[in-house]
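Novice: got a predicted model here, sequence first, then my questions.
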Amino acid sequence: AFFAGRSLSVLVHRLSEEVHRPCTFRGYCGAMSSPKPLWRNIFDLVEKGIAPKLESMVGTSEFAELISALTKLRYEANKRFEETTQNLLHMWNFPAVTDLKRLSDQVSNLERRIRDLSKLIEDMKESQAG
C-alpha cells in the first residue's frame, strides 16, 4: 500500500485526471466558485495521501533521534567550515570573523574604560570645585 492505502496506479490515475481536467489560460481548474491552480490540486492530492503517514512518523522516538543526529551533524559541519575558512583567511593574511569579533570586543572595552575615566575626572573636578 502506497500513499495511505492507495496503490501507485490509483494515484497516477487520479493525477492523470487532474492533469487532463479543463483549465483556464492561467492554470485554474475546477468550479468557478473556488478556482485552484492545477499545481495546487496535484499538491492537495499527494498531500492527502502521505500526510497521515508522515504525521505518525514525526511522533516516533526514531524521528526525534534522527533530528538530533542531523542537528549535531549540521553543527559539526558548520564548525569545520568556519575553522577551514578561518585558516584559509589567516594563510592569506586576512582577518577572519573571530578576529573582527575580538577587535570589536576590545574597542567596546576601551570605550567603556574611557567613559569610566571621564566620569571619574568629572567627579574629581566637581569635588575640587565644591
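Specialist: The structure has been received and is ready for your questions. Residues are numbered from 1 along each chain as shown.
Novice: which parts of this protein are strands?
Specialist: 28-29, 36-37 (DSSP state E).
Novice: go through the ones you listed and find the least confident stretch.
Specialist: Lowest mean pLDDT of those: strand 28-29, a mean of 56.
Novice: any buried residues in stretch 91-101, and which?
Specialist: Using 16 or more other C-beta atoms under 10 Å as the test for burial, stretch 91-101 gives Ala96. Using the backbone N, CA and C atoms, a C-beta is placed for each residue, glycine as well.
Novice: list the contacts of it.
Specialist: 82, 85-86, 89-90, 103 (C-beta atoms under 8 Å, 6 or more residues apart in numbering).
Novice: got the end-to-end distance for it?
Specialist: Using C-alpha to C-alpha, to the nearest Å, one end of stretch 91-101 lies 19 Å from the other.
Novice: max-length helix in this protein?
Specialist: Using DSSP state H, we find that the single longest helix of the chain is helix 97-129.
Novice: circling back: what subset of the contacts of stretch 91-101 is buried?
Specialist: For these, buried by 16+ other C-beta under 10 Å: Gln86.
Novice: would you mind putting the contacts of stretch 91-101 into a markdown table with pLDDT and distance to Asp116 alongside?
Specialist: What follows is the contacts of stretch 91-101, written out as a markdown table (pLDDT from 0 to 100; distance: C-beta to C-beta, whole Å):
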| residue | pLDDT | distance to Asp116 |
| --- | --- | --- |
| Glu82 | 94 | 34 |
| Thr85 | 95 | 36 |
| Gln86 | 94 | 33 |
| Leu89 | 94 | 34 |
| His90 | 94 | 34 |
| Leu103 | 96 | 20 |
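Novice: out of the contacts of stretch 91-101, who's nearest Leu45?
Specialist: Distance to Leu45, by C-beta to C-beta, is smallest for Glu82 among the contacts of stretch 91-101, at 43.3 Å.
Novice: that older thread, just send the contacts of stretch 91-101 back as JSON lines, with distance to Ser127 too.
Specialist: Shown next, in JSON lines, are the contacts of stretch 91-101 (distance: C-beta to C-beta, whole Å):
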{"residue": "Glu82", "distance to Ser127": "51"}
{"residue": "Thr85", "distance to Ser127": "53"}
{"residue": "Gln86", "distance to Ser127": "49"}
{"residue": "Leu89", "distance to Ser127": "50"}
{"residue": "His90", "distance to Ser127": "50"}
{"residue": "Leu103", "distance to Ser127": "36"}
